[in-house]
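> here's my sequence, what's the structure:
(chains A and B)
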Number of protein chains: 2
Amino acid sequence: MKKKSIAIDMDGVLADTESQYLTYYEKEHGVRLTKAAFHNVPEDEYLPNGSIFKYLYTPGFFRDLSVIEGAIEAVKALQEKYDIYIVSAAMEFPLSLYEKKEWLAEHFPFIHWHNIIFCGDKSIIDTDFMIDDYCKNLDSCKGKPILFTAGHNASITHHERVNNWKEVLELLL
Amino acid sequence: MKKKSIAIDMDGVLADTESQYLTYYEKEHGVRLTKAAFHNVPEDEYLPNGSIFKYLYTPGFFRDLSVIEGAIEAVKALQEKYDIYIVSAAMEFPLSLYEKKEWLAEHFPFIHWHNIIFCGDKSIIDTDFMIDDYCKNLDSCKGKPILFTAGHNASITHHERVNNWKEVLELLL
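Next comes the predicted model:
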């Protein structure tokens, strides 16, 4: 029988962009903020003075991201039961394309290149589940949407929410 | 009303990879072959001694491709009636990712980055039509598959075939 499929987002779901913002900000301004500063704030306003976009366009930003806690083990476990696709809206930042591919090869070498998709919008992606931190992706999702908690999505209530990879496994295994 | 959607492949459909193979081969061996040499031959065997893969992995190969005749005008015309997505199986050649994005920006600037997808396999792409030169992509296509003629697919008979962009427009407009 064909396995059910899951589309898994990268930034904010597998890759810890929020921590990287804090690290870059600290490097630039000598002040270490915490992720609490991002609670219920649109992502591009997480930091003042257009810092977020500046960091997103900095070469190396996507290559050096930390992996979100538990993601590697969880994706491995899900792969036993599901067809896993990594679906990242990478097209807005073309320099990120190669970095993201390299990052996946380093941290998720068990994901075959067949199963990696870099796109603009995700509206033509058809999987049974989609795990993402953005409503703009989940709202048009053809399967079951699962919202992965991030600062910017704190007030969203219209999708089932998971707060971490442990909760993803509880939901899907 | 929502427009119907078309997924359009890049290599061999928008971008003239066959001509580029001939150009690279001539540069290396001083012999100009013709596309007739590719008739009914698997693409990776178009040229002897693993030349095809060598060329595909050469930096610049994807950036310098010519546009297939009539493609730009045809895609522009289709865009009036359809949602156009460019869907390229770029993931096998990670170096190509940035080159392909740049190539599209040069030749198809009217395609928004929202509508560009670089993937491995295309099995989770859900559009109403898919134009591609490969059965491996068309066979799992959720909409209507349209086979774009290339040397390697000459003997395929189980998909509707178009030989050029003029025929695409006759079929879809």
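
> what's the pLDDT at A:L95?
Looking at A:L95, its pLDDT stands at 84.

> nearest residue to it other than its sequence neighbours?
Spatial nearest neighbour of A:L95, chain neighbours left out: A:P59 (6.1 Å); criterion: CB to CB, 6 or more residues apart in numbering or on different chains. From N, CA and C alone the C-beta is placed, and that goes for glycine too.

> sec struct for A:K54, please.
Three-state call for A:K54 (DSSP: H, G, I helix; E, B strand; the rest coil): helix.

> neighbours of it, just the number please.
13 (other CB atoms under 10 Å in any protein chain shown).

> quick one: it from chain B, how far?
Distance of A:K54 to chain B, computed by CB to the nearest CB, to the nearest Å: 19 Å.

> same check on A:I125?
For A:I125, the distance to chain B - CB to the nearest CB - is 6 Å.

> just the pLDDT at that residue, thanks.
With respect to pLDDT, A:I125 has a value of 96.

> tell me the bridge partners for it.
Going by DSSP bridges, A:I125 is paired in beta bridges with B:I125.

> in a strand, the residue nearest to A:L95, correct?
No. Secondary structure of A:P59 (three-state DSSP): coil, not part of a strand.

> ok, now how distant is it from A:Y25?
17 Å (CB to CB, to the nearest Å).

> neighbour count winner among the two?
When A:P59 and A:Y25 are compared for neighbours, A:Y25 comes out ahead with 20 against 9, by other CB under 10 Å.

> pull out the buried residues from the biggest strand by length in chain A.
Counting by DSSP state E, the longest strand found in chain A is strand A:82-88. Judged by neighbour count using 16 or more other CB atoms under 10 Å in any protein chain shown, the buried positions of strand A:82-88 are A:Y82, A:D83, A:I84, A:Y85, A:I86, A:V87, A:S88.

> and if you look at stretch A:131-151?
The neighbour-count criterion (16+ other CB under 10 Å) identifies A:131-135, A:137-138, A:141-151 as the buried residues of stretch A:131-151.

> over to stretch A:102-120?
Buried-residue list, stretch A:102-120, by 16+ other CB under 10 Å: A:103-104, A:107-108, A:111, A:113-120.

> show me which of these neighbour chain B.
Contacts with chain B are made by A:W113, A:H114, A:N115, A:I116, A:I117, A:F118, A:C119, A:G120 out of the buried residues of stretch A:102-120, judged by CB under 8 Å from any CB of the partner chain.
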